[in-house]
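Chemist: Task: produce atomic coordinates for the following.
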Amino acid sequence: MSQAREENSHCLKICVHGAKGLMKQDIFGLSDPYLVVYQEVFERDQDIADIETTNIIGKTDTQKKTLNPTWNEKIETEVDQDNEVIIFDVFDENRITRDDFLGRVAIPLSNLGNEDISEKSFELGKKCDDTNVSGNLILSFAFVSKLEREISRQKCWLIDTVHRYRLENQIQILTNEACVDIMEINMEFNDEETDYFSFDDERKTLKSVNFLTKVQLVRRLLKFLFETSDISEDDTTKLSAWFHKVLEENLDLVPGILSKLGLSDPQFLIPDNLNIKCFKTEQQMFPKYVVMFRTLILPRFKSKRSLRRFLNDWAETNQEHVNEEKDKTCEQGHDNNGRTIFINHNSKSVHYEEEEEDVKDEGNVTKTVSFQLRRNISLIDPTLWEGDDDDLIGSRELNINEEVKDIIVRKELGTLPEGWEEKVLEDETILYIDHRNEITTREDPRFLDPKIAGTKTKFSKDYKYKYEMFVRAINRLSTSDRLFDILDIRREKVFADSFKLIGNLGKHEVSRLRDKLWVEFNGEKGNDFGGLSREWFDLLSSKMFNPYYGLFEYSAVDNYTLQINPDSRHSNKDHLLYFRFIGRIVGMAVFHQRLINGFFIRPFYSMMLGKKIQLADMEYVDAEY
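Modeler: Numbering: from 1, shown residues only. Sure, this is the predicted structure:
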């Protein structure tokens, strides 16, 4: 064994092959033996017979009516070779009375050295002087480095993923072999690579980073094969037959489908050359073709008729029509009180007077806007909800009129106190610097003014006690041994990616949100020990509660507290699904004790607590009421 192997040998593989010549205990001259394996700590001057066995690391099945049982049980455990002993106790199982002791083998790990032992016979010994034992135990030992053990563990994950998602065809294409056994593919860790997976054709080796969980490996493997991890486990045999049958019956669809997929040769659509997979999300997704693995990814369909209808609509869709922008720059509508308003989609502004046109010398038309902003109207840009092939929410950036926004804020809050400075970072984070006390904070000092923020709530011991009891109740529901993975989240599209992951969870899966969170942003490596999840909540909440998505609108008294937009259905037909998603995020923030970047009106909190709405609460909804 090499020097490096000797220094890292802290994992022991044990194979219990069986036993021979055990003591007869039953009245018919046979026994029902089973084996229990213990791992205990002992001192060098301590008698092994005096060690109390409490730490069970393995137990075999019971072999009925035999004195020469065969178990072939394998056990892996982390060991300390200098201070631990492995104890094997054999018992005869009895249904009524106590199980009979058949013998013991105690092996101090310091006696094994670093050499592997294969099918060696160990004589069974007594536990005390008044017991009769006989026979031998056949065991094998092998020391494995932590790295080898981790590779073996992730190799098992890989094999399970290939069978679970039916990826045999893609693996054959990857290895350039018609018939390849996944067991023949080697795995190797390569944490220096920027990509999560790569394949060495010459060595038939799949290189990957060392994943912490099986979920991470599965998602990254699917991303490596299909450029997306949103792949279903469903068997696509029936869907594949439907797809090729539809093409046979409707040959006029072939040119349109080839054009959409960016292909030129119809041979790509022949059954022998095409693999089909499904998106797992219920959201309608556009087909995606992965050239490297000759795989077409389709939405899921319940019948051939629905597939035919989808292919007809998709193949004949005019792409220019999908990307066409609205010709009208100003749209007429009504506010909550029935007054006529005009929404300018270019400037993202709302006004009560219609824009007037002025003509320049060159003859070009320009707009002069006379408007009065009303804060309880949502400035909805309908293009925000137009999705592309990958996103539920469009990728168009929000071009908010920052000058108008700053004017409103300063009018509401006034100037900063003397000695304070406001600084905006590159990521749009706003910091407030107190030059007198040399303090930097994210909290706006103007909110300390009672005229703006209201009177300060008095500290109550009763509230503190209720809060502590609430936290204790939450901790009792937590599951610290499991992880809920939030992976591949793009910072610029945190709303869309998070909705795909959490918004589509079924009722039976919602309990997973109580698991410990593990967040990874796309293209960024890091270990989430709390910081990444806090950042995810902050980024997501700033997007969720943005009034420009049309789900929420500002209150009637300020432009930082929010209420639900009663006309949200006009901005997004799936607005109820998004509200359910936002409710889950708020619940996760409360459960995991994370802050969210959102403030609601007082009646909203009253409804959440089940309290009655008072007449004074209507001020926050409509100041003119």
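
Chemist: Now do the same for the nearest residue to residue 218 once chain neighbours are set aside: its pLDDT.
Modeler: Counting by CB to CB, 6 or more residues apart in numbering, residue 218 lies nearest to residue 161, which is 5.1 Å off, once chain neighbours are set aside. Placement of C-beta: from N, CA and C, glycine included. Looking at residue 161, its pLDDT stands at 84.

Chemist: low-scoring stretches of the stretch 201-350 of the chain, by residue?
Modeler: In the predicted model, the stretch 201-350 of the chain carries pLDDT under 70 at residues 282-285, 316-330, 334-342, 344-350.

Chemist: where do the helices sit along it?
Modeler: 214-226, 237-249, 253-261, 304-315, 319-322 (DSSP state H, counting those that start in this stretch).

Chemist: how about those in CSV, adding mean neighbour count and distance to residue 567?
Modeler: Below are the helices of the stretch 201-350 of the chain laid out as CSV (neighbours: other CB atoms under 10 Å; distance: least, CB to CB, whole Å):
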stretch, mean neighbour count, distance to residue 567
helix 214-226, 20, 37
helix 237-249, 15, 39
helix 253-261, 16, 35
helix 304-315, 16, 29
helix 319-322, 8, 25
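
Chemist: Now stretch 505-515 - C-alpha only, PDB.
Modeler: The C-alpha trace of stretch 505-515 is given here as PDB (Å, rounded to 0.1, in the frame of the first residue of the first chain):
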ATOM      1  CA  LEU A 505     -44.200  21.700  -6.100                       C
ATOM      2  CA  GLY A 506     -47.300  19.600  -5.500                       C
ATOM      3  CA  LYS A 507     -49.100  19.600  -2.200                       C
ATOM      4  CA  HIS A 508     -47.400  16.400  -1.100                       C
ATOM      5  CA  GLU A 509     -44.000  18.000  -1.700                       C
ATOM      6  CA  VAL A 510     -44.500  21.300   0.100                       C
ATOM      7  CA  SER A 511     -43.300  19.800   3.400                       C
ATOM      8  CA  ARG A 512     -39.800  19.600   1.700                       C
ATOM      9  CA  LEU A 513     -39.600  23.400   2.200                       C
ATOM     10  CA  ARG A 514     -39.000  22.800   5.900                       C
ATOM     11  CA  ASP A 515     -35.700  21.100   5.100                       C
END
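
Chemist: what's residue 578 in contact with, if anything?
Modeler: 499, 503, 551, 572 (CB atoms under 8 Å, 6 or more residues apart in numbering).

Chemist: rerun at 6 Å
Modeler: Residue 578 is in contact with residue 551, counting by CB atoms under 6 Å, 6 or more residues apart in numbering.

Chemist: And for the one 10 residues further on?
Modeler: With contacts defined as CB under 6 Å, 6+ apart, the neighbours of residue 588 are residue 513.

Chemist: counting contacts, what elements does the longest helix anywhere in the chain pack onto?
Modeler: Counting residues, the longest helix found in the chain (DSSP state H) is helix 146-165. Identification of packing neighbours for helix 146-165 by 3 or more CB pairs under 6 Å, 6 or more residues apart in numbering; DSSP states H and E yields helix 214-226.

Chemist: hmm, 8 Å instead?
Modeler: When contacts are defined as 3 or more CB pairs under 8 Å, 6 or more residues apart in numbering; DSSP states H and E, helix 146-165 packs onto strand 11-20, strand 186-189, helix 214-226.

Chemist: Could you pull out the buried residues of it?
Modeler: 149-151, 154-155, 157-158, 161-162, 165 (16 or more other CB atoms under 10 Å).

Chemist: The residue nearest to residue 17 when sequence neighbours are not counted: neighbour count?
Modeler: Of all residues not flanking residue 17 in the chain, residue 138 sits nearest, at 4.2 Å (CB to CB, 6+ apart). Burial measure for residue 138: 17 neighbouring residues, criterion other CB atoms under 10 Å.

Chemist: Quick check: phi and psi at residue 138.
Modeler: Residue 138 adopts backbone torsions of phi -100, psi 120, taken as degrees, to the nearest 10.

Chemist: gap between it and residue 592?
Modeler: Note on residue 138: its distance to residue 592, by CB to CB, to the nearest Å, is 51 Å.

Chemist: before we move on, what about residue 210?
Modeler: With the distance defined as CB to CB, residue 210 ends up 26 Å from residue 592.

Chemist: More neighbours: these two, which one.
Modeler: Neighbour count, other CB under 10 Å: between residue 210 and residue 592, residue 592 has more, with 19 against 13.

Chemist: List the contacts of the more buried one.
Modeler: By CB under 8 Å, 6+ apart, the residues touching residue 592 are 517, 533.

Chemist: Please report phi then psi for it.
Modeler: Taking degrees, to the nearest 10, you get phi -90, psi 10 for the backbone angles of residue 592.

Chemist: same question, residue 435
Modeler: phi -70, psi -20.

Chemist: for residue 617, same thing?
Modeler: The phi/psi pair for residue 617 (degrees, to the nearest 10) is phi -70, psi -20.

Chemist: Tell me which residues are up against stretch 135-148.
Modeler: By CB under 8 Å, 6+ apart, stretch 135-148 touches 1, 4-5, 8-23, 35, 67, 76, 88, 90, 102-103, 105, 112, 114, 116-124, 152, 189.

Chemist: Write the ChimeraX selection for whichever of the residues you listed are buried.
Modeler: For the buried members of these, the matching ChimeraX selection, counting by 16+ other CB under 10 Å, is:
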select :8,9,11,12,13,14,15,16,17,18,19,20,22,23,35,67,76,88,90,102,103,105,112,117,122,124
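
Chemist: And the helices of the stretch 201-350 of the chain: which comes nearest residue 421?
Modeler: helix 214-226 (42.9 Å; CB to CB).

Chemist: okay, the closest one in PDB with CA atoms only?
Modeler: Output of helix 214-226 as PDB, limited to C-alpha atoms (Å, rounded to 0.1, in the frame of the first residue of the first chain):
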ATOM      1  CA  LYS A 214     -27.200  13.200  -4.800                       C
ATOM      2  CA  VAL A 215     -29.700  15.900  -5.900                       C
ATOM      3  CA  GLN A 216     -26.800  18.100  -6.900                       C
ATOM      4  CA  LEU A 217     -25.200  15.300  -9.000                       C
ATOM      5  CA  VAL A 218     -28.500  14.500 -10.700                       C
ATOM      6  CA  ARG A 219     -29.200  18.100 -11.600                       C
ATOM      7  CA  ARG A 220     -25.700  18.700 -12.900                       C
ATOM      8  CA  LEU A 221     -25.700  15.500 -14.900                       C
ATOM      9  CA  LEU A 222     -29.000  16.300 -16.600                       C
ATOM     10  CA  LYS A 223     -27.600  19.800 -17.300                       C
ATOM     11  CA  PHE A 224     -24.500  18.300 -18.800                       C
ATOM     12  CA  LEU A 225     -26.500  16.000 -21.100                       C
ATOM     13  CA  PHE A 226     -29.500  18.100 -22.000                       C
END
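
Chemist: Tell me where the stretch 51-200 of the chain has helices.
Modeler: Secondary structure of the stretch 51-200 of the chain (DSSP H, counting those that start in this stretch): helices at 146-165, 168-175.

Chemist: State the phi and psi torsions of the closest residue to residue 268 other than its chain neighbours.
Modeler: Once flanking residues are discounted, residue 268 sits nearest to residue 274: 6.6 Å by CB to CB, 6+ apart. Torsion angles at residue 274 (phi, psi; degrees, to the nearest 10) stand at phi -130, psi 130.

Chemist: measure residue 274 to residue 203 for me?
Modeler: 29 Å.
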